[in-house]
Each structure stands twice: as structure tokens, then as C-alpha cells.
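Visitor: Sequence unavailable; structure follows:
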């Protein structure tokens, strides 16, 4: 079995989330693969656009729901190509790769999901997993975006802003650029939406630090500030998880692009991550 | 270990018989450098070479390596892995292959590497160090495994160590070419090893190096060398343990494409670049330091350098691996 060979998937649906991001709903052509494809939130797959190349992407649908969904930002040559594809087109997928979030360990605890921009995509997987399984105490989602137009999964976020409490899910939103839609939104959910950065959303929130896990995903600059906020509140480094991005080519620890660390600790982000906790970051230089 | 003797006069015949096992590749001289190439006659082999430009990794992790062919809209696997004999590998390069084995044969095994590795018959050869070698200080100057046969030079032939079942079989099938090892041969072997041990001019001090390096993350030494470094990536290409590869899809004609992997270098700016333009190692300093940390990793997977001296010999900026690490060690003792 060649681990680099991808399985064919058919694009069932393409949904435009923002001008830059599209949501692809996919189904494996081989029913057996479709049946057996399991993953845990936080894992990623490698998408194979035949003749154009491969790129890694986080799974953004929860394992509790089929079919598989990927949120892809138009950022380069290959993603531009896949953005041009429509329903019925076939691409390849191999994976899932990486470790994913330690869901078993976190069961019964509160989850704080801190997302920045595209970081919402991998966290959406654990968000809906938590809601669907009900295995967690309470789920908080703190989501920071540039503007109203950049909110990913707008319908779901609006739904959870409105009805989240019924699902034991508390959603808050921060935006940086003010537009009329934002003001409207802020008026509707004055306690949950504000202008600012994602760390502003922690204001006024209380949680039991001994029964809470924080999961962070966003642009590299965000981690330091969010982690500082969480540590100040007394959350243990072992309870802070983050998912990282690197240039992952092979996905299985061979190609060497995602190696981080120094002479005492070297990690392959694709194999040892992409989810790391803050202890890992303290012992592995260059992780964040 | 089993030891037999191959008298000098039997070497050409032994070499000829190796061809039955597959294509024979051996070091040949090309101007002032050496290279592993397909060889027909023992006379073409440079038995006393120092080091080849490209290490024997090129047979297993190829500079350009097609993985799949696209026909219509389906990928077809590119299969290869002809039987081959790699004749005349030095101990450090055998250690280099062992490091590659750990990576490429680790779960999940790389099918391309595995097929080639399994079909390769490895014949090691003894060597004398030159001014670049520092393998002795890393314990890679002698190979205890990772080869099928290992030839140690004697005044009148070769002391052969048999390192694998296939090695045993080859000796068995060619019994007539080999002799028993005599006490005199053992004395000669010992003398050679003594002389060789004394010939090393360079050594790398590994004492506490892992922590010293880690603590020297902000050492000015990195900056000093990064300014001299040309960032050409030569050291990566010639390193027997560097294995980063990039995957590219390439159209051959309008209907057919090939997915191939190529050597990549952590000195290239694109190495740490992700979609959207963020670069995790944007400066040459970051990349220079990264290579040294990768090579000097002390962990369950072991030290990633075998002391072959290629990166020194082929560095156009004349940066010396041992000197950089010694410099970092010196600076890290002083409070920065």
C-alpha cells in the first residue's frame, strides 16, 4: 500500500463562505473508503489536485457528521485551481494525518475554543463534535475576525449566537473593522459581539480553570496574546492546546519541511502535531 | 561477525561476480572529485577515494524521483527498484544510510525507498581520513551493521567482515575466492586501524552539546556565520543524512503528468513558507541555525550528522561544521 496515493473524492457541493474561502463537501468514490474514513477533530488531510500538486488542509466538519467538509482559502496556485472546481469534479484526498485534539482526555470539561480568522476551520470540527456528542461540560467559542464579511460559517455562528445557550455553547465574536453589518450585529447581541481583538472577549467571563481546556487556532501572532491571557487566569499549560500550521508536504514525517525545534527536541508538526500543548511549546523552540 | 580474507589477486574476479547480483555502482574519479557511478571493471574503481560529492543516498532518495504518472485522470504508481550493488561505501556513509532508514522505513514505510533499499547489496570499504573527516568523534568511523560485506585493506588483500545473511550467501557461493584469516592478517588489520585512528585531524566535542546548543539559541555566532553563508544549499545536497524533499506535479504533454519529488534545502527561502505568504524561517539566520539544530539533534532518533566532511569540503564560503559548533560552545559559556 502506497501511503502517498490519494483516494478519489467527488465534490458534492461548493459553498462560498467569503470572497476568499469556500466550503467543499466531499464524498469518497469508493464506498468502502467512505464508510471507513474516520478521524478526530484537529486532524488534517492532504488534498491532491491531479497534475497541479498537493496541499494540506484541516478537516472542518466534525467526525459525527458526514460527509467530509474542507474550508479552503484561495491563497496560492493550487487553492486557486480548486476554487475553480464545481460540483461533480473529482479530486484526491489522503489522510487523515496528525494527532488531533485529545478528545477523550477532555471529556467532561469545559472547552474554550479561541479562533482567529481561518483558525475557525479546524475548531469548527471540535465545536460541532462537542455539541453533537454532549460529552463536554460547556463549550465557549471566542472568535476574532477582521470584519463582518470575513466571518466563516456565518449562518452557524449567527445561529449559535442566538440559540447557543440551549446547546450548552456560548459564542462570542470580535471584529476589527467596523461595517454597518457589524453595528447591526453588535446591537442585536450587545454582550456577545464587540469591536476589538479576540482576547477582549475574555473580559467578564469566568470559568473553572481546573475543569477547562483551551484550544487555540489562528494566525501565528495570535498565540502569544491568547496564551498570556489564559495563563493569567490560572489555566495550566497542559490544558492549553493549539493547532499549528507549517509547510507539510508528505504528512507522514518524511519530507522534513515541518521540522521545528532544536538539538534537544525536534518535532515534526505533521506527525507529532499539528496539535501541541503549551508544555510542548515551552520545550520546543520555534513551535510558536 | 564472520571474517574471511579476499586475496588481492581475487578482487577483480570477486568484483565481476558481484555483477550477477545487479548493476554495480562504485566510486570513480572525476577530475578532483569522486562520484558513485555504474562500473564494469575493477580498474575503474577508485578504491582509495576520500569522499564522493553526492553520498550513496542518491540511489535511495533520488535527486529527482517520479512517484506517480497521471494517465487520464488516474495516478499510476511508478515502480522501480532494480537490484543493485553499491560497492565501496565508507563507514560514515553506511551510518548515513542507517539514519535515512530510520526515517524512511519508519511507520509508514516509504515504498520507493524500501523497494530500492531491499534490493541493494552494500559492500563497505575501509578508508583513511583527510583533513575534513570527523567521523571518529561521532562514533561513525566504524560500521557494525548496515552492510552486507565490508572490506578492510591488508597489504596483500582484504579482510572481509560479513554483516548479513545475503553477505554470507555471497561468500558461500564464491567460496573459492576467499581464504581463512591468519594471525598476520589480524595484526595488519589492527595496525591499519591504529594508524587510521591517529590520522584524524578534526574532532567534534559532543560533551553536553545538546543543551549548550539549545541555550545558545540567541548566540551572536549564528549571525556571524549566517552573514558569511551564501545560502546556496550545497551542504544540504551533499549531506548523507539531509532528506528534505519537495513534491511537484509536472506536465509531460497535454494528457500526461508526473508527480515527482526533488531534493529540497532548508537554506531555500521557500522551505518554511506556507500558503498566504507567511514564512516561519524568513531570514538566512533562521535557516542557518535550523540546519545546525537539525544536524545536531540528540534524541531517540540519534545524532543526525555522521562526520563525513562533505559540507565543509563543498561549502563555497568555507564554513566548517565543527568550527561553527565549537564557536557556539565557546560563546554559550559566557553570559550573553
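Guide: Happy to help now that I have it. Please read these numbers as outputs of a predicted model, since none were measured by experiment.
Visitor: List the residues that contact residue 37.
Guide: This is for chain A. Residue A:37 is in contact with A:28, A:68, A:96, counting by CB atoms under 8 Å, 6 or more residues apart in numbering or on different chains. Every C-beta, even on glycine, is put in place using the N, C-alpha and C of the backbone.
Visitor: The intended chain is chain B.
Guide: Residue B:37 makes contact with B:25, B:26, B:28 under the criterion CB under 8 Å, 6+ apart.
Visitor: Correct me if wrong, but it is in a strand.
Guide: Yes. Counting by DSSP: H, G, I helix; E, B strand; the rest coil, residue B:37 is located in a strand.
Visitor: tell me which residues form a beta bridge with it?
Guide: Going by DSSP bridges, residue B:37 is paired in beta bridges with residue B:26.
Visitor: what does residue A:47 give?
Guide: Beta bridges link residue A:47 to residue A:55, residue A:93, judged by DSSP bridges.
Visitor: now the closest residue in space to residue A:196 that isn't next to it in sequence, what's its secondary structure?
Guide: Sequence neighbours aside, residue A:174 is the residue nearest to residue A:196 in space, at 5.0 Å (criterion: CB to CB, 6 or more residues apart in numbering or on different chains). Here residue A:174 is recorded as strand under three-state DSSP.
Visitor: and residue A:174, what pLDDT?
Guide: pLDDT, residue A:174: 93.
Visitor: tally of neighbours for it?
Guide: 19 (other CB atoms under 10 Å in any protein chain shown).
Visitor: got a list of what it touches?
Guide: Residues near residue A:174 by CB under 8 Å, 6+ apart: A:142, A:143, A:144, A:145, A:193, A:194, A:195, A:196, A:197, A:198, A:200, A:201.
Visitor: again, only this time at 6 Å
Guide: By CB atoms under 6 Å, 6 or more residues apart in numbering or on different chains, the contact set of residue A:174 is A:144, A:194, A:196, A:197, A:198, A:200, A:201.
Visitor: Pull out the buried members of those.
Guide: Buried members of these, scored by 16 or more other CB atoms under 10 Å in any protein chain shown, are A:144, A:194, A:198, A:201.
Visitor: Just those residues: which are in strands?
Guide: Among the buried ones among the contacts of residue A:174, DSSP state E puts A:144, A:194 in strands.
Visitor: Out of the buried ones among the contacts of residue A:174, flag the one nearest to residue B:138.
Guide: residue A:198 (47.4 Å; CB to CB).
Visitor: who's the nearest residue to the closest one once chain neighbours are set aside bridged to?
Guide: Closest residue to residue A:198 apart from its sequence neighbours, by CB to CB, 6+ apart: residue A:144 at 3.1 Å. On the basis of DSSP bridges, residue A:144 is bridged to residue A:116, residue A:174.
Visitor: Look up how far chain B lies from residue A:144.
Guide: 17 Å (CB to the nearest CB, to the nearest Å).
Visitor: do residue A:81 as well
Guide: As for residue A:81, its distance to chain B is 11 Å (criterion: CB to the nearest CB).
Visitor: packing partners for whatever helix or strand that residue lives in?
Guide: Counting by DSSP states H and E, the element that carries residue A:81 is helix A:77-83. On a contact count with 3 or more CB pairs under 6 Å, 6 or more residues apart in numbering or on different chains; DSSP states H and E, helix A:77-83 meets strand A:44-49.
Visitor: What residues sit buried inside the strand it packs on?
Guide: Taking 16+ other CB under 10 Å as the criterion, strand A:44-49 shows A:44, A:45, A:46, A:47, A:48, A:49 as buried.
Visitor: outside of it, which residues touch it?
Guide: With CB under 6 Å, 6+ apart as the contact definition, strand A:44-49 has outside contacts at A:6, A:54-58, A:78, A:81-82, A:91-98, A:251.
Visitor: 8 Å instead?
Guide: Contact partners of strand A:44-49, identified using CB under 8 Å, 6+ apart, comprise A:6, A:39, A:54-59, A:70, A:72, A:78, A:81-82, A:91-98, A:122, A:248, A:251, A:270, A:274.
Visitor: Let me know how buried the residue nearest to residue B:269 when sequence neighbours are not counted is, in neighbour terms.
Guide: Excluding its sequence neighbours, the residue lying closest to residue B:269 (CB to CB, 6+ apart) is residue B:279, at 7.0 Å. Residues near residue B:279, counting by other CB under 10 Å, number 15.
Visitor: next one: residue A:180
Guide: Burial of residue A:180 is recorded as 8 neighbouring residues (other CB under 10 Å).
Visitor: do residue B:16 as well
Guide: Around residue B:16 there are 13 residues (other CB under 10 Å).
Visitor: Quick one: residues contacting it.
Guide: By CB under 8 Å, 6+ apart, the residues touching residue B:16 are residue B:42.
Visitor: Helix, strand, or coil at it?
Guide: Classification of residue B:16 by three-state DSSP places it in helix.
Visitor: low-confidence ranges in chain B?
Guide: For chain B, the stretches flagged by pLDDT under 70 are B:301, B:331-336.
Visitor: check contacts around the residue most central in space within chain B.
Guide: For chain B, the residue nearest the mean C-alpha position is residue B:240 (2.9 Å; CA atoms, centre = their mean). Residues near residue B:240 by CB under 8 Å, 6+ apart: B:55-57, B:92-93, B:95-97, B:99-100, B:306, B:308, B:310.
Visitor: rerun at 10 Å
Guide: Contacts for residue B:240 (CB atoms under 10 Å, 6 or more residues apart in numbering or on different chains) come out as B:51-52, B:54-58, B:89-90, B:92-100, B:140, B:305-306, B:308, B:310-311.
Visitor: can you check residue A:59 too?
Guide: Counting by CB under 10 Å, 6+ apart, residue A:59 has contacts A:39-45, A:68-71, A:93, A:95-96, A:98, A:100, A:121-122, A:124-125.
Visitor: Tell me which helix or strand residue B:326 sits in.
Guide: Using DSSP H and E, residue B:326 sits in helix B:321-333.
Visitor: Tell me the secondary structure at residue B:303.
Guide: Going by three-state DSSP: residue B:303 is coil.
Visitor: Surely it is in contact with residue B:135?
Guide: No. The criterion here is CB atoms under 10 Å, and residue B:303 misses it with residue B:135 at 11.3 Å.
Visitor: Remind me what the longest strand along chain A packs against, helices and strands.
Guide: Counting by DSSP E, the longest strand found in chain A is strand A:7-16. On a contact count with 3 or more CB pairs under 10 Å, 6 or more residues apart in numbering or on different chains; DSSP states H and E, strand A:7-16 meets strand A:21-28, helix A:31-36, strand A:44-49, strand A:68-73, helix A:77-83, strand A:90-97.
Visitor: Let me see the ranges of the helices in the chain.
Guide: This is for chain A. All helices of chain A, identified by DSSP state H, fall at A:31-36, A:77-83, A:103-106, A:120-133, A:154-163, A:180-188, A:220-232, A:269-272, A:278-283.
Visitor: please go with chain B instead
Guide: All helices of chain B, identified by DSSP H, fall at B:11-18, B:91-104, B:111-118, B:165-173, B:183-198, B:209-215, B:220-228, B:234-238, B:284-295, B:310-313, B:321-333.
Visitor: Could you list the buried residues of the fourth one?
Guide: Right, the one you point to is helix B:165-173. For helix B:165-173, the neighbour count (16+ other CB under 10 Å) marks B:167, B:170, B:171 as buried.
Visitor: got it, and the last one?
Guide: Applying a neighbour-count criterion of 16+ other CB under 10 Å, one finds B:321, B:322, B:324, B:325, B:326, B:327, B:328, B:329, B:331, B:332 buried in helix B:321-333.
Visitor: related to what we said a few turns ago, in a markdown table, list the helices of chain A along with mean pLDDT.
Guide: Output for the helices of chain A, formatted as a markdown table (pLDDT from 0 to 100):
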| stretch | mean pLDDT |
| --- | --- |
| helix A:31-36 | 94 |
| helix A:77-83 | 91 |
| helix A:103-106 | 94 |
| helix A:120-133 | 95 |
| helix A:154-163 | 93 |
| helix A:180-188 | 85 |
| helix A:220-232 | 93 |
| helix A:269-272 | 94 |
| helix A:278-283 | 92 |
